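Visitor: 3D model of this:
(2 chains)
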Amino acid sequence: MLSNKNTMNLHEYQGKSILKRYGVSVPEGGVAHNVEAALDLAKSIKEKTGTDTWAVKAQIHAGGRGKGGGVKIAKSIDQVQEHAKAILGMTLVTPQTGAAGKFVHKILVEQGIYYPGESPVKEFYMSVLLNRVTSRNIIMYSTEGGMNIEEVAEKTPHLIFKEEIDSLTGVADFQARRIAFNLGLSGKAFKEMLKFVPALYTAFEKADASLFEINPVIKTSDDLIFAADAKVTIDDNALFRHPDFEEMRDLSEENPDETEAGHYNLNFVKLDGNVGCMVNGAGLAMATMDIIKLSGGDPANFLDVGGGANAQTVEAGFRIILKDPAVKAILINIFGGIVRCDRVAGGVIEAYKSIGEIPVPVIVRLQGTNAVEAKKMIDESGLKVYSAITLQEAAETLKSLV
Amino acid sequence: MSILVNKHSRVIVQGFTGGEGTFHAGQMIEYGTNVVGGITPGKGGQKHLDRPIFNTVSDAVRETGADVSIIFVPASFCADAIMEAADAGIKLIVAITEGIPVSNMVKVKEYLQYRNSRLIGPNCPGIITPGEAKVGIMPGFIFQKGKIGIVSKSGTLTYEAADQVVKVGLGISTAIGIGGDPIIGTTTKEAIELFMNDPDTDGIVMIGEIGGSLEAEAARWIKAHGTKPVVGFIAGQTAPKGRRMGHAGAIVGGAEDTAAAKMKIMSECGIHVVESPANIGKVMFEAFASVSK
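Guide: Numbering: from 1, shown residues only, chains lettered A, B, ... in the order given. Sure thing, here's the model as predicted:
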C-alpha cells in the first residue's frame, strides 16, 4: 500500500547505535555536526582502537553516497579535517536523491576497518526483512557485498541466499552455520559470524525493525566481522514500544508538506502531476489516482483523509494541495460509510469560505451515506464546484477540464 | 447461501465496551447480526447494549456458543486478542484494528498455524453477507443481496465495487475485506476458493493493490480451478515505485508486485481485468450476462 506512515527511516549512525545496543559489532564511531567535533571524534576513536584510518560519511537518507563523493577514507587526522570540511554542507547528489540532491547536515566519523593484515578483507551483503509470502522474516545474504544487490540478483542470482526464520525459535544454530559456510568462512571468522547473525536478528526483532540492510558486512584482515553500513527502518506501528526512537526522526529528511499533513492525520505523498486529489481510504485513493491518469491528467499527490474527514481536515488538505503551483484541478472522492457525505460537503463549503478563492476547478464526488443530501448542499452553495455521484461522472468531468 | 458468515453465526465482540466497539456493535445489532455478547476483561457479569459481557473469550464461548469474533481492541493489545480467540476455539476471527506491529503479526500467524481458526484482517472493514450478518464496519445499506462475491484489500474500494455491482442489478452474496497489511489472515486466493465452492455465488470481483503477490497467487489458482467469471482491479497503477522497502524488498517481493505486472498475470489467467475502477460493475454485468446465456 502506498503510504508514508508505515516506516521510519534512520540515518546510518542511528541505525548503528541500535545495532550496537543489541550486540552487533559495528566500527567505533560517532556523529559530528561540524569539523571540530569531527576531529575530536577521530582522536578519541584512535585512542580507543589504535586505528590510523577513518571513514568520513555523509549522513543523509539515501543510498549510493559513495558515488556522489559523500564517503571518504582518511589516512591522517589532517585528512579527516579535509574530508569533513568537504562533505559537511555539501549538496550530495546520488542515484537515489534525484538531481536536486540533499544537503549534508552531519557526518559519521568512524574507525577504518579495511586495514591490511594476514587474510584478505571480504565484503558480504546481509539484510533482514519480512517475506510477505510466508509471513516470516528472512535473512537474505550474499558473498557479493558492497554492490547494488538488485544487480547481483539479476546477474548472479545463485549468489543470493535466503534463510527463513521461525518466529517462535529465532535463528537456529544450524542456520547461522549454514550462513557462515555459504559465505565461505572458516576458523575465527566463521565463529565470529556465528555470533554476528543471531545478534543481528535479535536486534531486528527487539527494535521492531521493518528492514535491516547491511551492505557491506566486513570480514577484516584479522577475521573480525563488522556491520560497515546500516540501512535501518523501523515499523511506525511499533514506536509506542520505543519512545527513544521517536527522537531519532529527522524531519529535515522528510517532505515538509507530508509532515504537515501528518499533523492533521492525513496520509499525504507528493507526486509530480497536475491534478490534486483528496480521498478517504488508501485503496480508493490509489484508484482515484488511476482514474486521473485515465482521464488525461497526472496525479499530483496521494492523499488519504482516513475515516475522520471533517471541515478541518478538508481545509488542511486543500491548503497542502494548493501549495503546488502545478496543480490545475482537484478531485475530491469520498465514499461515505461511517464518514457521512453531508459532513464532508459541509467541510468543503467551509474550507472554501475560509481559504477564499480557490484558483483551480474542484470536482467533488460524494457517494454512500447521505450522498444525495451532500450533492444538494454543494449544488446550492453557489460555489464553483463540479459535483458528481458516480466515479464515471467524476472521470468525465475531469476529462473535460484537463 | 454465502460464505463464512450467515444468519446462524453467533458473534461476540472483543473490545465490546470501548468507543469503536460500542458504536460498531450497535450498528451490527441494528443490521440484524446475531451478536450474542462481548468481552471486556474485568467487566464480566455486566451487560452492554443489552448483551452479556465476559472476562475471557473462553467464558463467552462456553456460555453463548459463539463461533465468530470481531475485534476492536487497540493495536498494542490486538495480537493477544486474536490469539485468545483462537485459543477459545472461535472459528472465524475478524480483526478490524489498524496499526498492529508487524512483529506481533509474525507471531500471530505462526500461532494460528496450529489452530483451527480462520483470521480475516487485520486492518480491514470485515465481512458482510447481505440481509444475514454484518461482521464489520461497512455501511450495510450499500450491500444488497445477490450473487456476486467480493474480495478486496481495501475498505472504501470494497464499498465502491459493491455499489457498482448492486447498481447494475447483480447484488452481493458475501463481501470480504481482507485488509492491506503486510501480514493478513485470509488471502485473496483463499477467499476466491471459498466463493468458487459456494453454490450461491455466480461471479467474483477481486480487488487488489500494488505490493505483495496475493493477486498473482489467486490468479494462478483461478486459471487452474476457476469455474465462475472473475472481474479484477488493481489499485495503484500510477503509484510511484519503491517508496517503501527499497532494494531488498524488491528482490523478495519479486517482479510481480507492480500493478502492471499483476494485471498482466490476471489477464493471462482469464480474469476480466478493468483498468478503470469506474468499470467494475459494468464489466461484471457483461461477464455475468455472457455466462448466463
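
Visitor: what residues are up against whichever residue of chain B sits closest to chain A?
Guide: Residue nearest to chain A within chain B: residue B:154 (2.2 Å; CB to the nearest CB). In short, each C-beta sits where N, CA and C put it, glycine included. If you count contacts by CB atoms under 8 Å, 6 or more residues apart in numbering or on different chains, residue B:154 has them with A:281-284, A:287, B:177, B:180, B:207, B:209, B:235.

Visitor: farthest pair within the residues you listed?
Guide: Across those, no pair lies farther apart than A:287 and B:177, at 14.5 Å, counting by CB to CB.

Visitor: helix or strand: which one has whichever residue of the stretch 251-400 of chain A sits closest to chain B?
Guide: Chain B sits closest to residue A:283 of the stretch 251-400 of chain A, with a gap of 2.2 Å, by CB to the nearest CB. Per DSSP states H and E: residue A:283 is located in helix A:282-294.

Visitor: roughly how far out does that helix sit from the chain middle?
Guide: Relative to the chain's own centre, helix A:282-294 is displaced by 22 Å; criterion: CA atoms, centre = their mean, to the nearest Å.

Visitor: where does the nearest residue to residue A:67 once chain neighbours are set aside land in three-state SS?
Guide: Once flanking residues are discounted, residue A:67 sits nearest to residue A:94: 5.9 Å by CB to CB, 6 or more residues apart in numbering or on different chains. Following DSSP: H, G, I helix; E, B strand; the rest coil, residue A:94 is assigned to coil.

Visitor: residues contacting residue A:94?
Guide: Contacts of residue A:94 (CB under 8 Å, 6+ apart): A:62-65, A:67-68, A:70, A:101.

Visitor: mind listing the helices in the stretch 51-200 of chain B by residue range?
Guide: B:57-64, B:75-87, B:102-112, B:155-167, B:188-196 (DSSP state H, counting those that start in this stretch).

Visitor: try the stretch 201-350 of chain A
Guide: Per DSSP H, counting those that start in this stretch, the stretch 201-350 of chain A carries helices over the ranges A:243-246, A:256-263, A:282-294, A:311-322, A:341-355.

Visitor: hey, which of those is tucked in deepest?
Guide: Most buried of the helices of the stretch 201-350 of chain A, by mean neighbour count (mean count of other CB atoms under 10 Å in any protein chain shown): helix A:282-294, with a mean of 27.

Visitor: okay, the angle between it and helix B:155-167?
Guide: Helix A:282-294 and helix B:155-167 are oriented at 70 degrees to each other (axes from the mean of the first three to the mean of the last three CA atoms, to 10 degrees).

Visitor: sorry, back to before: how about the helices of the stretch 201-350 of chain A, which one is nearest residue B:41?
Guide: helix A:243-246 (25.5 Å).

Visitor: quick one: that closest one to chain centroid distance?
Guide: Counting by CA atoms, centre = their mean, helix A:243-246 comes out at 17 Å from the chain centroid.

Visitor: other SSEs contacting it?
Guide: Packing contacts for helix A:243-246, counted by 3 or more CB pairs under 8 Å, 6 or more residues apart in numbering or on different chains; DSSP states H and E, involve no helix or strand.

Visitor: pretty sure residue A:234 contacts residue A:208?
Guide: Yes - Residue A:234 is within contact range of residue A:208, at 6.2 Å (criterion: CB atoms under 8 Å).

Visitor: before we move on, the earlier item: got the phi/psi numbers for the residue nearest to residue A:67?
Guide: Phi and psi for residue A:94, reported as degrees, to the nearest 10, are phi -130, psi 170.

Visitor: distance of it from residue B:143?
Guide: 50 Å (CB to CB, to the nearest Å).

Visitor: and for residue A:296, the neighbour number?
Guide: The tally of other residues near residue A:296 (other CB atoms under 10 Å in any protein chain shown) stands at 13.

Visitor: surely it touches residue A:402?
Guide: Yes - counting by CB under 8 Å, residue A:402 is a contact partner of residue A:296 at 5.2 Å.

Visitor: burial measure for residue B:37, as a count.
Guide: 23.

Visitor: now do the buried residues in the strand or helix carrying it.
Guide: Assigned by DSSP H and E, residue B:37 falls within strand B:35-39. By neighbour count, with 16 or more other CB atoms under 10 Å in any protein chain shown as the criterion, the buried positions of strand B:35-39 are B:35-39.

Visitor: list just the nearest of these to residue B:71.
Guide: Nearest member of the buried residues of strand B:35-39 to residue B:71, counting by CB to CB, is residue B:39, at 9.1 Å.

Visitor: what's the nearest residue to the closest one if we skip its chain neighbours?
Guide: That would be residue B:14: by CB to CB, 6+ apart, it lies 4.7 Å from residue B:39.

Visitor: tell me how many other residues crowd the one you found.
Guide: Count around residue B:14 with other CB under 10 Å applied: 31.

Visitor: cool, and residue B:55?
Guide: 14.

Visitor: dump the residue contacts of the residue nearest to it when sequence neighbours are not counted.
Guide: Nearest non-adjacent residue to residue B:55, counting by CB to CB, 6+ apart: residue B:44, 3.4 Å away. By CB under 8 Å, 6+ apart, the contact set of residue B:44 is B:53-56, B:59.

Visitor: please apply the same query to residue A:22.
Guide: Residue A:22 neighbours (CB under 8 Å, 6+ apart): A:199, A:202-203, A:206-207.

Visitor: among these, which ones are buried?
Guide: Among these, those classed as buried by 16+ other CB under 10 Å are A:199, A:203, A:207.

Visitor: who's in contact with residue A:352?
Guide: Residues near residue A:352 by CB under 8 Å, 6+ apart: A:358, A:381, A:383, A:385.

Visitor: state the pLDDT value of the first one.
Guide: Same thing as residue A:358. pLDDT for residue A:358: 86.

Visitor: in space, what's closest to it - neighbours in sequence excluded?
Guide: Closest residue to residue A:358 apart from its sequence neighbours, by CB to CB, 6+ apart: residue A:352 at 6.2 Å.

Visitor: tell me how far that neighbour lies from residue A:373.
Guide: Residue A:352 is 18 Å from residue A:373, by CB to CB.

Visitor: just the ones of the buried ones among the contacts of residue A:22 in strands?
Guide: Among the buried ones among the contacts of residue A:22, no residue falls in strands (DSSP state E).

Visitor: tell me the one of those nearest chain B?
Guide: Using CB to the nearest CB, the buried ones among the contacts of residue A:22 come closest to chain B at residue A:207, 9.3 Å.

Visitor: quick check, that closest one in contact with residue A:17.
Guide: No - using CB under 8 Å, residue A:207 is not in contact with residue A:17, being 10.5 Å away.

Visitor: residues of the stretch 101-250 of chain A that sit close to chain B?
Guide: For the stretch 101-250 of chain A, the contact set with chain B under CB under 8 Å from any CB of the partner chain comprises A:127, A:129-133, A:135-138, A:140, A:148-150, A:153, A:160, A:162, A:166-168, A:205, A:208, A:210-211, A:213, A:231, A:235, A:237-238, A:240-241.

Visitor: repeat that with 7 Å
Guide: With the criterion set to CB under 7 Å from any CB of the partner chain, the stretch 101-250 of chain A comes near chain B through A:127, A:129-133, A:135-138, A:140, A:149-150, A:153, A:166-168, A:205, A:208, A:210-211, A:213, A:235, A:237-238, A:240.

Visitor: got the contact list for the nearest residue to residue B:163 once chain neighbours are set aside?
Guide: Closest residue in space to residue B:163, ignoring its immediate chain neighbours: residue B:142 at 5.3 Å, by CB to CB, 6+ apart. Residue B:142 sits next to A:368, B:159, B:162-163, B:166 when contact means CB atoms under 7 Å, 6 or more residues apart in numbering or on different chains.

Visitor: so which of those residues comes closest to residue A:195?
Guide: For the contacts of residue B:142, the nearest to residue A:195 is residue B:159 (52.4 Å; CB to CB).
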